[in-house]
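1. sequence first, predicted coordinates after that:
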Amino acid sequence: MQKILSGLLASLLVLGPAWPADACTGISFTTQDKSFLQARTIEWGGFSLDSKLVILPRGQKNTSLTPQGPNGLSWTNKYGAVGISVVKDDFIGEGVNEKGLGAGIFYFSGYGSLAPFNAKKAKKSVADVELVRWMLTNFATVEEVINGLKKIEIVAIYPPQKGQQTASTGHWRISDATGRSVVLEIENNGQRHIYENTVGVLTNSPSFPWQVTHLNNYVHLQAGDVKPVSYGNTKFSAFGAGAGMWGLPGDITPPSRFVRAFFYLHTAPVAADAHSGVLQAFHILNNFDIPIGVEFAAGEKIPALPSATQWTSVSNLTHPAFYYRTMNNSQIRSVDLTAINFAGIKAQVLPLDKEPEQIHPVVLE
């Protein structure tokens, strides 16, 4: 167990604010053909997260970790799912199941605060880093997840870092094929809040209601150009296209990314179909790629990573499918869940990049 805890203390979900950026950005939207898509980036500039593509079949048995070891809630997969792991193969960061339920964890530094672990409730406890896996393999809708959450304890399996009273944790985006999307946040030693996500965006801290309220500070922004104006004998005009978005925050802090993602999402044309929507989602999230180095102070050692944005994913919840690209390979890859026999397939953990090199010479005729 000590080895597990040591690995966790070096993971994305544990490292405190003094470490490199933890800057996940998520969006969700519906296309003209009624396909509901949710997409996200995952950033970590400290080291490779060793993420894998994980296939979870029906019938697979699971037992969650607790601070005491693998003695938490046990369950058998009711539904098959596909997702991407973070640090440890059992820790799914984002995924979708065969019924179109999608879920992901976003770092919630300084705000997420779970109830202290109660050993007497170990058998009904699920580790926060295993909650996405638990949701995807047990439920088909958001409402089912909400009801299921009432029956479990959510626990941290690592101690607080120096200067912290409680261990840092995440908040969760949970969506289903109907287009319903909610945010689960747990603060103040276990106080749970579930918010309907009608804005289609999620980043990190602070809390979701604050992020939505903060959008009011940018009510003046608008798509398109700004008409020239005159004051006295002097005429003023914009330097170029898109001046209506002058003042849109461009830094990588969670509040600024929330505002930027909201306006990019809601000024984009509604995609005609799922295929167009998937491409659109990746293009929108291109704006949130973080180049390695920007989050390090002068003189600090910068890790040998191509990007702080280690992978980006899109899930089609209406016709369950999972798409992703990585910092090593910008080619979009896909997994069609409707083509998988989850009752017969074996559990699989696969590398995200079989061929990481993405620069190829063009052969001229």
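-> Looks like it arrived, so ask away. Numbers count the residues shown, from 1 in each chain.
2. quick one: the strands in the stretch 51-200 of the chain, in order.
-> In the stretch 51-200 of the chain, the strands defined using DSSP state E, counting those that start in this stretch lie at 52-56, 61-63, 74-76, 81-86, 88-97, 102-107, 125-127, 153-155, 170-175, 181-187, 191-196.
3. neighbouring strands - and their directions - for the first one?
-> Its sheet considered, strand 52-56 pairs with strand 81-86 (antiparallel), strand 348-351 (antiparallel) by DSSP bridges.
4. could you identify which of the ones you listed is most buried?
-> Mean neighbour count, computed with mean count of other CB atoms under 10 Å, is highest for strand 81-86 among these, reaching a mean of 26. Heads up, the C-betas are built off the backbone N, CA and C, glycines and all.
5. residues in contact with that strand?
-> Residues from elsewhere that reach strand 81-86 (CB atoms under 8 Å, 6 or more residues apart in numbering): 11-13, 42, 49, 51-56, 91-98, 129, 132-133, 136-137, 311, 313, 322, 324, 335, 337, 340, 349, 352.
6. from those residues, which would you call buried?
-> 11-13, 42, 49, 51-56, 91-98, 129, 132-133, 136-137, 311, 313, 322, 324, 335, 337, 340, 352 (16 or more other CB atoms under 10 Å).
7. one step back: select, out of the strands of the stretch 51-200 of the chain, the one closest to Glu300.
-> Of all the strands of the stretch 51-200 of the chain, the one in closest proximity to Glu300, counting by CB to CB, is strand 102-107 (20.1 Å).
8. that closest one packs against which elements?
-> strand 36-43, strand 88-97, helix 131-138, strand 170-175 (3 or more CB pairs under 8 Å, 6 or more residues apart in numbering; DSSP states H and E).
9. centre of the chain to it, how far?
-> 5 Å (CA atoms, centre = their mean, to the nearest Å).
10. ok and it relative to strand 36-43, angle-wise?
-> 30 degrees (axes from the mean of the first three to the mean of the last three CA atoms, to 10 degrees).
11. send me strand 102-107 as PDB with only the CA atoms.
-> Extracted as PDB, the C-alpha positions of strand 102-107 are listed here (Å, rounded to 0.1, in the frame of the first residue of the first chain):
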ATOM      1  CA  GLY A 102     -19.900  10.200 -19.900                       C
ATOM      2  CA  ALA A 103     -17.800  11.300 -16.900                       C
ATOM      3  CA  GLY A 104     -14.500  12.900 -16.100                       C
ATOM      4  CA  ILE A 105     -12.600  14.300 -13.100                       C
ATOM      5  CA  PHE A 106     -11.100  17.900 -13.100                       C
ATOM      6  CA  TYR A 107      -8.600  19.000 -10.600                       C
END
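12. quick one: that strand to strand 181-187, angle?
-> 40 degrees.
13. rounded mean pLDDT for strand 102-107, please.
-> Averaging pLDDT along strand 102-107 gives 96.
14. pLDDT score for Gly46?
-> Predicted confidence (pLDDT) for Gly46: 85.
15. which residue of this structure sits farthest from its center?
-> Distance to the chain centre peaks in the chain at Asn233, reaching 51.8 Å (criterion: CA atoms, centre = their mean).
16. for Leu184, give me its contacts.
-> Counting by CB under 8 Å, 6+ apart, Leu184 has contacts 149, 171-172, 174, 192-194.
17. residues touching Ser35, list them.
-> Per CB under 8 Å, 6+ apart, neighbours of Ser35: 273-274, 277, 316, 318-319.
18. ChimeraX command for the buried members of those?
-> In ChimeraX, this line selects whichever of these come out buried by 16+ other CB under 10 Å:
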select :274,277,316,318
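19. I'd like the contacts of Ser35 as JSON lines, with secondary structure and pLDDT appended.
-> As requested, these are arranged in JSON lines below (DSSP: H, G, I helix; E, B strand; the rest coil; pLDDT from 0 to 100):
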{"residue": "Asp273", "secondary structure": "coil", "pLDDT": "98"}
{"residue": "Ala274", "secondary structure": "helix", "pLDDT": "97"}
{"residue": "Gly277", "secondary structure": "helix", "pLDDT": "98"}
{"residue": "Asn316", "secondary structure": "strand", "pLDDT": "98"}
{"residue": "Thr318", "secondary structure": "coil", "pLDDT": "98"}
{"residue": "His319", "secondary structure": "coil", "pLDDT": "98"}
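20. wait, which of the contacts of Ser35 is closest to Asn62?
-> The closest of these, once distances to Asn62 are taken by CB to CB, is Asn316, at 25.2 Å.
21. partner residues bridging that closest one?
-> According to DSSP bridges, beta-bridge pairing links Asn316 with Leu37, Ala321.
22. surely it and His275 touch.
-> No. Contact criterion CB atoms under 8 Å: Asn316 and His275 do not qualify, at 9.4 Å.
23. CSV for the helices and strands packed on strand 102-107, including mean pLDDT and distance to Phe282?
-> CSV is the format used below for the helices and strands packed on strand 102-107 (pLDDT from 0 to 100; distance: least, CB to CB, whole Å):
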stretch, mean pLDDT, distance to Phe282
strand 36-43, 97, 7
strand 88-97, 96, 14
helix 131-138, 98, 21
strand 170-175, 97, 18
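24. so which of these is nearest Ser74?
-> Taking those one by one with CB to CB, helix 131-138 is closest: 10.8 Å.
25. tell me who's in contact with the residue farthest from the centre of the chain.
-> Contacts of Asn233 (CB under 8 Å, 6+ apart): none.
26. which pLDDT does the model give it?
-> For Asn233, the predicted pLDDT is 90.
27. can you pull out the helices in the protein?
-> 2-8, 131-138, 142-149, 208-214, 254-267, 274-286 (DSSP state H).
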